[in-house]
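*Asks:* Would you be able to build a 3D model of this:
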Amino acid sequence: MAWNRARTKYRPDEASALDWSFAAMVETIDRLPRVKAWDGARAITVIGEAVWWVTIVDATMVRYHPDAYDQVLGAERNRQVIDETLAGLRFVRNHMGHDIDHVDFVQAAPRRRGAASNQLGSWTWRRLRCPAVGTLPPRAQEWELDRYEAYQHQLADRPVREAFGRARGFLAQAAAVAAELGVPVRSS
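*Replies:* A predicted model of the protein is given here:
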C-alpha cells in the first residue's frame, strides 16, 4: 500500500475507469446465476470474466483509493476471509489459461434435480496442486505461495458464487467509502 500511495495521486480519469470497471464486475457476477451448468464453455468464460473484473476493481481500489480500502478492510469482522478470497482470486487470474487450464479451476456441481444444481453459481472451485515456484526469486515465491494457500483456504471445494459474493460486497463497501471521502465512485 505504501508504494502505491507514494507513487500515485488521484486523477479524475481514474474515477471513471473505476466506475465502468465496477459496473462490468457487477454485471458479470450477476450473469453467473443465469448461465446454465450444461453450457460448459460459456460457464468457464463467465467465471474467467468475473475473476478478471473482480481483480481489476480490487487492484484499482488498492492503488487509487487505499484509504477507503484500508478503512473497510480494517472494520471487516471477517478480514482474513475477505483478504484470502481476493488473494485466491488473484491466484486464479495469474494462472488461468497460462500454466493451469481454465477447466482445471472449476467443476460442475453433481447433477441433482432442481434449478440450483443446474446453475453456474453452484459449480465449485477445484483443489489444486501447489504450483512450481522454484525458478522464481524468493520474494515472488512467497507471494505466489501465499496466494495459492489463500485459494486453497477460501475457494477450493466451495461454490464459485461464495467468492464472488464476498468480493462484490467488500468492493461495493470500499467504493462507497471512497465516495464518502470525496472521491466520486458510482456503485450499484
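
*Asks:* Would you state the helices of the chain in chain order?
*Replies:* For the chain, helices defined by DSSP state H occupy the ranges 2-7, 12-31, 40-64, 66-75, 79-95, 102-105, 138-154, 160-180.

*Asks:* Between those, which one is closest to residue 130.
*Replies:* helix 138-154 (5.9 Å; CB to CB). Where C-beta positions appear, they are placed from N, C-alpha and C, glycine not excepted.

*Asks:* Enumerate the positions of the closest one that are buried.
*Replies:* Using 16 or more other CB atoms under 10 Å as the test for burial, helix 138-154 gives 143-144, 147-148, 150-152, 154.

*Asks:* From the chain's centroid, how far away is that helix?
*Replies:* With CA atoms, centre = their mean, to the nearest Å as the basis, helix 138-154 stands 15 Å off its chain's centre.

*Asks:* Export it to CSV, keeping only CA atoms.
*Replies:* Coordinates of each C-alpha in helix 138-154 appear next as CSV, following Å, rounded to 0.1, in the frame of the first residue of the first chain:
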residue,chain,number,x,y,z
PRO,A,138,12.4,-15.8,-3.1
ARG,A,139,10.0,-12.8,-2.7
ALA,A,140,8.0,-13.9,-5.7
GLN,A,141,7.9,-17.5,-4.4
GLU,A,142,6.5,-16.2,-1.1
TRP,A,143,3.9,-14.1,-2.9
GLU,A,144,2.8,-17.0,-5.1
LEU,A,145,2.6,-19.5,-2.3
ASP,A,146,0.6,-17.0,-0.1
ARG,A,147,-2.0,-16.7,-3.0
TYR,A,148,-2.0,-20.4,-3.5
GLU,A,149,-2.7,-21.0,0.2
ALA,A,150,-5.4,-18.4,0.1
TYR,A,151,-7.0,-20.1,-2.9
GLN,A,152,-6.9,-23.5,-1.0
HIS,A,153,-8.4,-21.9,2.2
GLN,A,154,-11.2,-19.8,0.8
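
*Asks:* Show me the contact partners of it.
*Replies:* By CB atoms under 8 Å, 6 or more residues apart in numbering, the residues outside helix 138-154 that reach it are 81, 83-85, 87-88, 90-92, 94, 125, 127-128, 130-131, 133-134, 136, 163.

*Asks:* and it with helix 79-95, angle?
*Replies:* On the basis of axes from the mean of the first three to the mean of the last three CA atoms, to 10 degrees, helix 138-154 is oriented at 110 degrees to helix 79-95.

*Asks:* what inclination does helix 138-154 have with respect to helix 160-180?
*Replies:* Interaxial angle, helix 138-154 versus helix 160-180 (the same axes, to 10 degrees): 110 degrees.

*Asks:* what's the span of stretch 146-165 from first residue to last?
*Replies:* In stretch 146-165, first residue to last residue: 22 Å (CA to CA, to the nearest Å).

*Asks:* any chance of the helices of the chain in JSON lines, plus mean pLDDT and distance to residue 120?
*Replies:* Shown next, in JSON lines, are the helices of the chain (pLDDT from 0 to 100; distance: least, CB to CB, whole Å):
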{"stretch": "helix 2-7", "mean pLDDT": "46", "distance to residue 120": "34"}
{"stretch": "helix 12-31", "mean pLDDT": "79", "distance to residue 120": "8"}
{"stretch": "helix 40-64", "mean pLDDT": "91", "distance to residue 120": "5"}
{"stretch": "helix 66-75", "mean pLDDT": "94", "distance to residue 120": "28"}
{"stretch": "helix 79-95", "mean pLDDT": "95", "distance to residue 120": "15"}
{"stretch": "helix 102-105", "mean pLDDT": "76", "distance to residue 120": "13"}
{"stretch": "helix 138-154", "mean pLDDT": "95", "distance to residue 120": "19"}
{"stretch": "helix 160-180", "mean pLDDT": "93", "distance to residue 120": "7"}
